[in-house]
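S.K.: Okay, here's the prediction I keep looking at, along with the sequence it came from:
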Amino acid sequence: MSTQNEAHGDENTRRELTERELELALEEIVECVLEYGQWPRKGRAQFDLYDYLMEERDPSYAWETYLCAISDNSEALANRIRRERASVEAILLTHLKDSGMVQDLANERASEDE
C-alpha cells in the first residue's frame, strides 16, 4: 500500500535555495541578534551574542564604550555605538553566513512562499 507521499514522490524533496533566499535569511538572523542579543528572539538561543563576543572579541572594546557612556560627551558615545554596531554586524555576517541556522530559516521561508 502506498502513502500519499510515495504516490507523488516529491513532497520531501526540497529545491536548492537561491543566493537571495540565503541572503535574506542571514540578514534576518543578524538583525535579530543585534536587536535582541540572540537567535531566535524567544526561546532557547541557538546563537547568543554575549557568549560569542566574550569568546571572540577583545574585551577592551566594551571598556572603551563604557568610558564613553559615563563621560559627558554624548556625541562620542553615539559615534562609538555606530562603529561598534557596524563592526559586530560585519563579524556576524561573515561568521553566520554558512551556518545551519541560515539554511534552516531560508528553507522555512521558502516553504512558506510555496
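M.R.: Yep, that arrived.
S.K.: When you work out contacts or count neighbours from here on, use the C-alpha atoms and nothing else.
M.R.: OK.
S.K.: which residues touch the host helix or strand of residue 51?
M.R.: Using DSSP states H and E, the element containing residue 51 is helix 49-56. Helix 49-56 is touched from outside by 33-34, 37-38, with contacts defined as CA atoms under 8 Å, 6 or more residues apart in numbering.
S.K.: Which one (most neighbours) among those?
M.R.: residue 38 (23 neighbours; other CA atoms under 10 Å).
S.K.: need the strands for the chain, in chain order.
M.R.: 38-39, 47-48 (DSSP state E).
S.K.: circling back: identify the farthest-apart pair in the contacts of helix 49-56.
M.R.: Pairwise distances across these (CA to CA) peak at 7.6 Å, for the pair 34 and 38.
S.K.: Which helix runs longest in this protein?
M.R.: When the chain is parsed with DSSP state H, its longest helix is helix 74-96.
S.K.: Counting by contacts, list what it packs against.
M.R.: helix 19-36, helix 60-70 (3 or more CA pairs under 8 Å, 6 or more residues apart in numbering; DSSP states H and E).
S.K.: Please repeat the previous calculation with a cut-off of 6 Å.
M.R.: With contacts defined as 3 or more CA pairs under 6 Å, 6 or more residues apart in numbering; DSSP states H and E, helix 74-96 has no helix or strand neighbours.
S.K.: so where's the chain shaky on pLDDT?
M.R.: Residues of the chain that meet the criterion pLDDT under 70 lie in 1-14.
S.K.: what angle do the longest helix of the chain and helix 49-56 make?
M.R.: 80 degrees (axes from the mean of the first three to the mean of the last three CA atoms, to 10 degrees).
S.K.: For helix 74-96, buried residues please.
M.R.: 77, 80, 88-89, 92-93, 96 (16 or more other CA atoms under 10 Å).
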